[in-house]
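Enquirer: I'd like to go over a predicted model; first the sequence, then the structure.
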Amino acid sequence: MSDLKTVYPVPEAFARDALIDKARYDEMYARSINDPDGFWAEQAQTLDWIKPWDRVKNTDFTGDVSIRWFEGGQINIAQNCLDRHEATRGSKTAIIWEPDDPKAPGRRISYSELAAEVRRFANVLKAQGVAKGDRVTIYLPMIPEAAVAMLACARIGAVHSVVFAGFSPDSLSGRITDCGSTVLITADEGLRGGRKVPLKVNADKALDHCPDVTAVVVVRHTGGDIAMKDGRDIWWHEAMADVSDDCPAEPMDAEDPLFILYTSGSTGKPKGVLHTTAGYLLYAALTHKYVFDIKDDDVYWCTADVGWVTGHSYILYGPLANGATTLMFEGVPTWPDAGRHWEVVDKYGVTIYYTAPTAIRALMREGEAPVKRSSRKSLRLLGSVGEPINPEAWRWYYDVVGDGRCPITDTWWQTETGGLMIAPLPGATDLKPGSATLPLFGVKPVIVDNEGQPLEGACEGNLCIADSWPGQMRSVYGDHERFAQTYFSTFPGMYFTGDGCRRDEDGYYWITGRVDDVINVSGHRMGTAEVESALVAHPKVAEAAVVGYPHELKGQGIYAYVTLKSGETPSEALRKELVAWVRNEIGPIATPDLIQWAPGLPKTRSGKIMRRILRKIAANEHEGLGDTSTLADPSVVEDLVGNRMNGN
Ligand code: PRX
């Protein structure tokens, strides 16, 4: 292990060939802030346009909030990600697919092959009546068909809504209904870590509540035995068998919707984050190129799932827009054992590896041996995303995985931001373990106090962004008012991220975690309100309050305080039943880690639950409980402290 250095300078060998050095970053960043129109107009030349734009930036963070980029321009994303590469790199591998089972054959799909598959599937969608603007829900495992389905939607101007394959039937049906999809694309089963995920069975249950879905396209993946409904369900391979691969790319207005992706907030149901066409693509492509220092011979691997925004922007759209080779992995890091990722790195000569701190912590727990079994000599750059990376995990990643050779780019961003916002450029930025470092082009971070006053210099507060960038979400699907309210009303005139942040004396940014009622479990966002409503839907539960607590592997775990209805008795069996109930209602990612029986919850006299106190108890910080005398019944706190659950 290296000593506990606080700054890791750009390695000389890396700087020599990097796309951007420090001087160039400074110059480009300054221009992006002082002359956004000029900067983005120049960057937009890297894309193929059907019709040039009339106006680069037309954005307003006040009033109703309106965000438009490249108005008047027309473009097609599938054409930019595929067809335009055919002439120069048609036979280059676009997607490497590595299956869950290490012994099963993988796939390499060239740009030409992928382009043809996408055109064919676009025709399948058309044959099912899908037209420009229609919503298509995708509920697929990590298989190439997920990429094909998304790009086929983009080709004909349909709006995709990808639902992570770990979500329950209820979560799926809610998302289908919210965006009014009439077509669902799914598979017989998924495979993760040797275990089957019953996707079609889940889809059938979901569709009992979605009468408007008229067609379901089913990929035969495991060959598992499933039911097909006559007149509604069709097999992917049969539909693709005799369809033409000629399908013109639909000219899309720059601000036409590209996709909806549901994400959790502090209140209410998950919201449909809406991203549009040209600005999103430009931002995903540019950030991917510079933050990952992409060269034509790179083999790039982002371990996320396409069900999350990281999969959208950094498995699919960014890499393909840049003509890169992107690896899609169906499995998990710890199966068949903790050496799997490094075997995959060696097998394909992966040069850039991008993962989440939770995966690093899980692998770190298994020790160095599974890593050292592999050579990893192809690696030149590492990335981290999804949650703050603790310096201990950072150093292990750097020393053990990267053999002290590879810079780590810690990328801070959100589903809402469309692309990376604060991250080091590996050839330009000295690194500090645990800091996402400096803002990317066009990003103007502001740290404000709780009254909304911007703070200067070294400080800590709430992270806002002062002005728009092209990848920014445009609205909450079907509820623009909620968009304005959620992101622009807390600190008027600014986009509020929901994150706390510190800026140090060098101007480096350190994300401290969410300041709202959102928790981050293994890099996945979970609204505490969602878990609470799942719990109170159980017939024996009267009330529930859910908070996050520090968890060694997951970053944050889910801690639930549950008050039972009178007459009900707490028991281990009931605890298990409630855990299973929540998994079933939302999905395994929402599994409560700890449930504490709470005869009463700490409430103010006006009935508001004091979450601050519940968070402290869950974190075992009993000294800092603060003033409890304003509570309606201060004695409940003693009971909760006395019965706090332990475990990780
Ligand atoms: O709290 C921040 C955390 O994840 C949140 C965004 O979650 P989601 O929309 O699901 O997107 C995850 C992938 C972009 C943020 O508000 N977060 C994400 N990346 C980092 C992070 N926290 C610290 N450091 C990061 N690199």
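Expert: Okay, I see it.
Enquirer: residue at max distance from the center of this protein?
Expert: Gly567 (42.4 Å; CA atoms, centre = their mean).
Enquirer: does it count as helix, strand or coil?
Expert: coil (DSSP: H, G, I helix; E, B strand; the rest coil).
Enquirer: excluding its backbone neighbours, what's nearest Val309?
Expert: Thr415 (4.2 Å; CB to CB, 6 or more residues apart in numbering). Yep, even glycine has a C-beta here, placed from its N, CA and C like the rest.
Enquirer: mind checking the longest helix of the chain?
Expert: The longest helix of the chain (DSSP state H) is helix 111-127.
Enquirer: For the stretch 151-300 of the chain, which segments are assigned as strands?
Expert: Taking DSSP state E, counting those that start in this stretch as the test, the strands found in the stretch 151-300 of the chain are 159-162, 183-187, 190-192, 195-197, 215-219, 233-235, 252-253, 257-263, 271-276, 299-302.
Enquirer: Give me the buried stretch members for stretch 395-409, please.
Expert: Going by neighbour count (16 or more other CB atoms under 10 Å), the buried part of stretch 395-409 is 395-398, 400-402, 406-409.
Enquirer: Okay, and which of the residues you listed map to strands?
Expert: 408-409 (DSSP state E).
Enquirer: Now render the buried residues of stretch 395-409 as a markdown table, adding distance to the ligand and pLDDT.
Expert: Converted to a markdown table, those look like this (distance: CB to the nearest ligand atom, whole Å; pLDDT from 0 to 100):
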| residue | distance to the ligand | pLDDT |
| --- | --- | --- |
| Arg395 | 16 | 97 |
| Trp396 | 17 | 98 |
| Tyr397 | 13 | 98 |
| Tyr398 | 15 | 98 |
| Val400 | 20 | 98 |
| Val401 | 17 | 98 |
| Gly402 | 17 | 98 |
| Cys406 | 17 | 98 |
| Pro407 | 15 | 98 |
| Ile408 | 11 | 98 |
| Thr409 | 9 | 98 |
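Enquirer: Identify the farthest-apart pair in the buried residues of stretch 395-409.
Expert: Comparing all pairs in the buried residues of stretch 395-409 by CB to CB, the longest separation belongs to Val400 and Thr409, at 17.5 Å.
Enquirer: Compute the number of surrounding residues for Trp308.
Expert: 22 (other CB atoms under 10 Å).
Enquirer: OK, contacts around it?
Expert: With contact taken as CB atoms under 8 Å, 6 or more residues apart in numbering, Trp308 is in contact with 164, 261, 415, 524.
Enquirer: which of those are close to the ligand?
Expert: Contacts with the ligand within the contacts of Trp308, counted by CB under 6 Å from any ligand atom: Thr415.
Enquirer: what's the lowest-pLDDT member of the contacts of Trp308?
Expert: pLDDT is lowest at His524 among these; the value there is 92.
Enquirer: close enough to count as contact, that one and Ile589?
Expert: Yes: His524 lies in contact with Ile589 (CB atoms under 8 Å); the separation is 5.1 Å.
Enquirer: Same drill for those two, tell me which one is more crowded.
Expert: Shown here are His524 and Ile589; by other CB under 10 Å, His524 has more neighbours (24 against 19).
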